[in-house]
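**Student:** Build me a structure from this.
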Amino acid sequence: MNKALQLYNTFRNRWCGAYLASKDIKVIPTVNWGDENTFEFCFDGIPKGSIVAVSTYMVREHNNHADQKDFFMKGYEEMLRRIEPSKIICYSEPFSEMQGDIIYVDYELSGWKYLNKESLDLPLHNKKGIIVNKTMLQPENFNKMYSLKGSGSAYGGKWKPKKTEDERFLGKPGEIKETFDKNGERRLTKIGDDGRATKERHFSFHNRPDKHTNPHDHMINWDPNRGNPLPQRPINYPDVVPEFKYYREVNTQMKVNKNIVKNEEDQFKTISEFKWCVDCGGEVEFQWKGKSYSITHPDGRINIGEGYYIKDGKNYNVLSNEPCIDIEGMWGDTADDILEYIVGGDRLRDVITQVEVVVRTI
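**Tutor:** Numbers count the residues shown, from 1 in each chain. Model prediction:
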């Protein structure tokens, strides 16, 4: 569609919405975009903080539709920045990278044949509380109908491991899975009765010996809405290490691997993916401009700083071997806070998709 028609259809969308609102009809605007050239007008006329609706149906790979996630996510992140929507109604399954307070609407159940059904008479979808009656898409009904997660990502689809490493969180009830991260450091993951991880032991400092002991544990909770694992704060053992069903002595000397082979699965392709990982409790080790950095979750908050080792009472960056002066790093409550940290003279937000991720726990 040429630009003139794109502008005209954006105008028609807003005009119809404004007219209906003038007649005291509640309106939730749909938001759509083309390439980045449309960003200059496609979000106009929608007040900040609005409830909006989007759809992933036409950009997901199915039938004759090609996968257009990258195209969709560029516009989606721009929409978050410009509109800052209070809630986002998503027709068809959201992508796992999508941030915001998302209400997932099953595309099939949103069809005309359910339009006149009472919502309570309809089967609930097992992925999340779903709005199946278009007449119920009204702000005052949200709190009555659903328990919604705020302050961050709210992924409505059932979680599936995106990375090979994440398969360790699922297994046979009662088993302990042994895996190794990209540094060759050992992990033990305990699987609960429902086939999902309940606890994990890391035989690693994560390059932050002031924040972790080697080994240390993480309890694993599961998000009731998105279904993804939520590693909790580290449980450190400065003195006696309890048995993890079985426990073997391991070499606690920190390993330094300078010849990291970049694994595309672990790299952050979008800022949203990074925020999802960190806000869900993921720990990350990465390299940028010849230095190592680590993101951890001690004391119930998020910390980012240089990855370092101790030698002769002094601290050195594990990659550059240069003295590390500020071992405390920076603290934050959300991934957005951490994205303001300066790495090698660059703001992390500007380079997070370019850094070389060595290890990430989810």
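**Student:** May I ask which helix or strand encompasses the residue positioned nearest the centre of the chain?
**Tutor:** Central residue of the chain (CA atoms, centre = their mean): residue 276, 1.4 Å from the mean position. Element membership for residue 276 (DSSP states H and E) is helix 271-279.
**Student:** Average pLDDT for that helix, rounded please.
**Tutor:** Average pLDDT, helix 271-279: 89.
**Student:** Send me it as CSV with only the CA atoms.
**Tutor:** Provided in CSV are the C-alpha atoms of helix 271-279 (Å, rounded to 0.1, in the frame of the first residue of the first chain):
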residue,chain,number,x,y,z
ILE,A,271,15.7,-5.6,24.2
SER,A,272,12.4,-7.2,25.1
GLU,A,273,14.1,-10.6,25.2
PHE,A,274,16.7,-9.3,27.6
LYS,A,275,14.1,-7.7,29.8
TRP,A,276,12.1,-10.9,29.9
CYS,A,277,15.2,-13.0,30.8
VAL,A,278,16.4,-10.7,33.6
ASP,A,279,13.0,-9.8,35.0
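**Student:** ok, and what's touching that helix?
**Tutor:** 73, 76-77, 96-99, 152-153, 155, 268, 284, 295, 302, 334-336, 338-339, 349, 352-353, 360, 362 (CB atoms under 8 Å, 6 or more residues apart in numbering). C-beta coordinates here come from the backbone N, C-alpha and C atoms, glycine included.
**Student:** quick one, helices of the stretch 101-250 of the chain?
**Tutor:** Shown for the stretch 101-250 of the chain, the helices assigned by DSSP state H, counting those that start in this stretch span residues 142-145.
**Student:** ok so, going back, out of the contacts of helix 271-279, name the ones that lie in strands.
**Tutor:** Among those, the members found in strands (DSSP state E) are 284, 295, 302, 360.
**Student:** Just among those, which is most surrounded?
**Tutor:** Most neighbours among those, by other CB atoms under 10 Å: residue 295, with 28 neighbours.
**Student:** That residue pairs with what?
**Tutor:** Beta-bridge partners for residue 295, by DSSP bridges, are residue 284, residue 304.
**Student:** where's it relative to residue 103, distance?
**Tutor:** Using CB to CB, to the nearest Å, residue 295 is found at 30 Å from residue 103.
**Student:** One more: residue 173?
**Tutor:** Applying CB to CB to residue 173 and residue 103 gives a distance of 33 Å.
**Student:** do the same with residue 167
**Tutor:** For residue 167, the distance to residue 103 equals 29 Å [CB to CB].
**Student:** More neighbours: which of the two?
**Tutor:** Using other CB under 10 Å, the more surrounded residue of residue 167 and residue 103 is residue 103, with 24 against 14.
**Student:** State the distance from that one to residue 266.
**Tutor:** According to CB to CB, residue 103 and residue 266 sit 30 Å apart.
**Student:** How about residue 59?
**Tutor:** Per CB to CB, residue 59 is found 24 Å from residue 266.
**Student:** cool, and residue 208?
**Tutor:** From residue 208 across to residue 266, the span is 19 Å (CB to CB).
**Student:** likewise residue 181?
**Tutor:** Per CB to CB, residue 181 is found 10 Å from residue 266.
**Student:** Mind listing the shared neighbours of these two?
**Tutor:** Contact criterion CB under 8 Å, 6+ apart; residues shared by residue 181 and residue 266: 165, 359.
**Student:** in the stretch 151-300 of the chain, which segments are predicted with low confidence?
**Tutor:** By pLDDT under 70, the low-scoring segments of the stretch 151-300 of the chain are 151-159, 225, 245-263.
**Student:** Repeat the analysis, applying 50 as the threshold.
**Tutor:** Applying pLDDT under 50 to the stretch 151-300 of the chain flags the ranges 151-157, 246-260.
**Student:** all strands of it, in order?
**Tutor:** 176-180, 186-191, 197-202, 216-222, 229-231, 235-236, 284-288, 291-296 (DSSP state E, counting those that start in this stretch).
**Student:** Would you agree residue 329 is in contact with residue 304?
**Tutor:** Yes - between residue 329 and residue 304 there is a contact under CB atoms under 8 Å: 5.3 Å.
**Student:** Overlap in contacts, the two.
**Tutor:** Listed as contacting both residue 329 and residue 304 by CB under 8 Å, 6+ apart are residue 341.
**Student:** got a list of contacts for the helix of greatest length in the chain?
**Tutor:** Ranked by residue count and defined by DSSP state H, the top helix of the chain is helix 3-22. With contact meaning CB under 8 Å, 6+ apart, helix 3-22 is reached by 1, 27, 29, 30, 34, 37, 38, 41, 42, 44, 45, 46.
**Student:** what packs against the following helix or strand past it?
**Tutor:** Counting by DSSP H and E, the element after helix 3-22 in chain order, helix or strand, is strand 51-55. Secondary-structure packing of strand 51-55 (3 or more CB pairs under 8 Å, 6 or more residues apart in numbering; DSSP states H and E): helix 69-83, strand 87-91.
**Student:** now strand 51-55 against helix 69-83, angle please.
**Tutor:** 170 degrees (axes from the mean of the first three to the mean of the last three CA atoms, to 10 degrees).
**Student:** Work out the gap between stretch 290-310 and the centre of the chain.
**Tutor:** With CA atoms, centre = their mean, to the nearest Å as the basis, stretch 290-310 stands 19 Å off its chain's centre.
**Student:** What residues sit buried inside it?
**Tutor:** For stretch 290-310, burial by neighbour count (16 or more other CB atoms under 10 Å) applies to 291-298, 302-309.
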